[in-house]
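Participant: give me coordinates for this.
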Amino acid sequence: MERERTRKRPRLAWDVAPPTVPEPQLALPVPGDEGIERKHASPPRRDDDREGHYVFNLGENLTPRYKILGKMGEGTFGRVLECWDRQSREYVAVKVVRSIRKYRDAAMLEVDVLQHLAKNDRGNSRCVQIRNWFDYRNHICIVFEKLGPSLFDFLKRNKYCPFPVDLVREFGRQLLESVAYMHELRLIHTDLKPENILLVSSEYVKLPSYKRVSSDETQFRCLPKSSAIKLIDFGSTAYDNQNHSSIVSTRHYRAPEIILGLGWSYPCDLWSVGCILIELCTGEALFQTHENLEHLAMMERVLGPIPEPMIRRSNKGAEKYFKRGSRLRWPEGAISRESINAVKKLGHLKCENSTSISINPPQLKYKPNQVGNANLLCVEVCENEQAKAFREGNEFSIEITSVCFDWTTNLSHSDFE
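Facilitator: Okay, the predicted model is just below:
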C-alpha cells in the first residue's frame with residue numbers, strides 16, 4: 001500500500017513586520033510602567049546564546065522606550081518580540097536580529113528597502129512600513145506595528161482548511177497591489193509566500209464547515225473577520241539593477257527560470273503569487289518538493305513541456321535534467337516511486353466545497369527576446385461560473401475562472417514607468 005505523502009515543507013515561525021498606520025491602535029498601559037524612572041533602565045549586559053540570539057527575560061526593557069512582553073516568533077534571522085512602546089503607548093513587534101555579521105548586513109539592507117517603501121508610500125500600498133530601528137548591544141532591532149497571524153499560520157490553525165474563494169480573490173487583489181507598488185519602485189520581493197503575508201487583525205469568527213465528522217457532529221472552522229493583509233519580510237528584496245544571486249525564493253514558490261539558471265526579474269514574484277493563491281484555495285502547496293528534477297516534472301505536469309528555447313539557454317548545471325531532444329529526464333530520473341506518484345497526482349485539484357480547480361494546458365507564447373522572464377503565472381479559480389477579473393493593468397490581469405499557467409510574460413521595465 002502506498003504510504004500517504006506527507007507535507008514536506010519545513011516552516012518557520014512568524015517573521016513579523018507590520019506597517020505604520022495613520023492612527024496607531026492605542027492599548028491600556030502595562031502595569032508597572034508608571035512611577036520610578038529606574039524601572040525603565042536596560043538590564044545588565046549578558047552574553048548572547050551560541051547562535052547569536054539576544055537573551056532576555058520577560059518584563060525587561062529593550063532600551064528605556066520598549067518593554068518586552070513576550071516572544072512572538074523565531075527564525076533564522078533572529079526573534080520577534082512583542083513590546084510595549086512607552087513613547088507611542090501602543091503594542092509593537094520588534095525584530096531583534098542575531099549578532100552575526102551576515103544577518104546584521106541583511107537587516108540593514110531590509111531597513112533601506114523599508115525606508116524606500118515608506119518614503120514613496122501612497123497610503124494604499126499594503127506593504128509594511130518601518131516605524132523605528134536601532135542598534136542595541138550589537139543587535140539590529142526593527143520596530144513594526146503589531147499585526148495578526150500570517151496566512152500560513154491561519155491555515156495551519158484551521159487544520160489546513162482552505163479559505164473561501166471570494167476571500168482568496170480579495171487576498172489576491174491586495175497582494176497584487178503590493179507587488180505592483182514594489183515593481184514600480186524597481187524592487188523585486190523574491191520571497192513571496194503565505195508566511196510573509198499577515199492579516200492586519202487577529203480577530204476571527206467560528207463557522208460550521210461543509211465537512212462533517214459524523215452524521216451527528218459538525219466540524220467548525222475559523223475565518224478572519226477582516227480580509228485586510230500586509231506584505232512583510234523584505235530581507236531578500238532586490239533592486240532590479242543590482243547584481244542578483246542565482247538562487248532566490250522559497251522552493252515551493254520558485255519560478256522555473258531560477259531552477260534553469262536563466263536569471264530572474266519581476267516575473268518571479270508573479271509566479272509566487274500564483275502558487276500562493278492556489279495554496280489558499282486548496283490548503284496545500286501546489287509544488288511540494290525539495291528536488292529540482294521533481295520540481296520541473298511537476299511544472300510540466302501542470303504546464304505542459306518546458307519550451308525548448310528555455311532549455312537551450314539553461315545553464316550547464318541544469319543540463320543533467322534533460323535528454324537529447326530537450327525532453328525532461330522523467331520519470332527515469334526520479335529518486336523514488338513516491339516521487340513519481342506525487343507528480344502523477346497533480347493536474348486536478350479540489351478547493352472549498354469540492355469545487356474543482358482545473359489546470360489547463362498552457363498557451364506557450366514564448367518570445368526569444370524574453371528569456372529569463374518566461375513565467376507570468378495567470379491564476380484563475382473557478383466556482384461554478386465565471387467571475388470578473390479583479391485586477392487589470394501592468395499585465396497583472398488575473399481572472400477568477402480556472403487555473404491556467406503561462407510560461408511567458410509580456411512584462412518589461414517599461415510597464416512600470
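
Participant: helices of the stretch 1-150 of the chain, start to end?
Facilitator: Along the stretch 1-150 of the chain, the segments classed as helices by DSSP state H, counting those that start in this stretch run 101-119.

Participant: which residues of the stretch 51-200 of the chain score low on pLDDT?
Facilitator: Residues of the stretch 51-200 of the chain meeting the criterion pLDDT under 70: 124-125.

Participant: 80 - rerun?
Facilitator: Counting by pLDDT under 80, the stretch 51-200 of the chain has low-confidence residues at 122-125.

Participant: which strand or helix spans the nearest residue to Trp330 once chain neighbours are set aside?
Facilitator: Distances taken as CB to CB, 6 or more residues apart in numbering place Ala297 nearest to Trp330, at 4.3 Å, with adjacent residues excluded. To be clear about C-beta, it is placed using only N, CA and C from the backbone, and glycine gets the same treatment. Assignment of secondary structure by DSSP states H and E places Ala297 within helix 292-303.

Participant: ok, the residue nearest to Trp330 - how many residues close by?
Facilitator: 25 (other CB atoms under 10 Å).

Participant: domains of this structure?
Facilitator: Domain assignment for the chain by automatic domain parsing gives 37-145, 151-416.

Participant: correct me, but Val343 touches Met299?
Facilitator: No: taking contact to mean CB atoms under 8 Å, the distance of 9.7 Å between Val343 and Met299 leaves them out of contact.

Participant: quick one, which of those two is more surrounded?
Facilitator: In terms of neighbours (other CB under 10 Å), Met299 is the more surrounded of Val343 and Met299; the figures are 26 against 23.

Participant: ok, now which ones touch that one?
Facilitator: 256, 287, 306 (CB atoms under 8 Å, 6 or more residues apart in numbering).

Participant: let me see the contact set for Val330.
Facilitator: To be clear, residue 330 is Trp; Val isn't right here. By CB under 8 Å, 6+ apart, the contact set of Trp330 is 293, 296-297, 300, 343.

Participant: quick check: it is in a helix.
Facilitator: No: Trp330 sits outside any helix when classified using DSSP: H, G, I helix; E, B strand; the rest coil, being coil.

Participant: look up how far Thr190 lies from it.
Facilitator: In this structure, Trp330 and Thr190 are separated by 27 Å, where distance is defined by CB to CB, to the nearest Å.

Participant: for Gly304, same thing?
Facilitator: Counting by CB to CB, the gap from Gly304 to Thr190 is 26 Å.

Participant: pick out whichever of those two has more residues nearby.
Facilitator: Summary of the neighbour comparison: Gly304 and Thr190, criterion other CB under 10 Å, with Thr190 having more neighbours (24 against 15).

Participant: helix/strand/coil for that one?
Facilitator: Judged by three-state DSSP, the three-state class of Thr190 is coil.

Participant: might one say that Lys95 is in contact with Phe144?
Facilitator: Yes: using CB under 8 Å, Lys95 makes contact with Phe144 at a distance of 7.0 Å.

Participant: neighbour-wise, which of these two wins?
Facilitator: With other CB under 10 Å as the criterion, Lys95 and Phe144 differ in neighbour count, and Lys95 comes out ahead with 28 against 25.

Participant: neighbour count, secondary structure and pLDDT added to the contacts of Met299, as a markdown table?
Facilitator: Shown next, in a markdown table, are the contacts of Met299 (neighbours: other CB atoms under 10 Å; DSSP: H, G, I helix; E, B strand; the rest coil; pLDDT from 0 to 100):
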| residue | neighbour count | secondary structure | pLDDT |
| --- | --- | --- | --- |
| Pro256 | 24 | helix | 93 |
| Phe287 | 22 | coil | 95 |
| Ile306 | 24 | coil | 90 |
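
Participant: out of those residues, which one sits closest to Lys67?
Facilitator: Within the contacts of Met299, proximity to Lys67 (CB to CB) peaks at Phe287, which comes in at 42.9 Å.

Participant: I'd guessed that closest one sits against His252; true?
Facilitator: Yes: with contacts defined as CB under 8 Å, Phe287 counts as touching His252 at a distance of 5.3 Å.

Participant: against which helices or strands is the helix or strand hosting Leu280 packed?
Facilitator: Here Leu280, judged by DSSP H and E, is contained in helix 267-282. Helix 267-282 sits against helix 151-157, helix 165-184, helix 256-259, strand 348-350, strand 356-358, with contacts defined as 3 or more CB pairs under 8 Å, 6 or more residues apart in numbering; DSSP states H and E.

Participant: do that again at 10 Å, thanks
Facilitator: Packed against helix 267-282 by the contact rule (3 or more CB pairs under 10 Å, 6 or more residues apart in numbering; DSSP states H and E) you find helix 151-157, helix 165-184, strand 187-188, helix 256-259, strand 348-350, strand 356-358.

Participant: quick one: residues contacting the closest residue to Gly235 other than its chain neighbours.
Facilitator: Spatial nearest neighbour of Gly235, chain neighbours left out: Glu110 (4.6 Å); criterion: CB to CB, 6+ apart. Contact criterion CB atoms under 10 Å, 6 or more residues apart in numbering gives 17, 77, 95, 97, 130, 133, 140, 142, 233-237 as the residues in contact with Glu110.

Participant: which of those sit farthest apart?
Facilitator: The most widely separated members of the contacts of Glu110, counting by CB to CB, are Trp133 and Ser236 (17.7 Å).

Participant: identify each buried residue in stretch 60-77, please.
Facilitator: Across stretch 60-77, burial judged by 16 or more other CB atoms under 10 Å covers 61-63, 65-69, 72-75, 77.

Participant: how long is it from one end to the other?
Facilitator: Separation of the first and last residues of stretch 60-77 by CA to CA, to the nearest Å is 22 Å.

Participant: how far off centre is that stretch?
Facilitator: For stretch 60-77, the distance between its averaged C-alpha position and the chain's averaged C-alpha position is 23 Å (CA atoms, centre = their mean, to the nearest Å).

Participant: same deal with stretch 190-201?
Facilitator: Counting by CA atoms, centre = their mean, stretch 190-201 is centred 4 Å from the centre of its parent chain.
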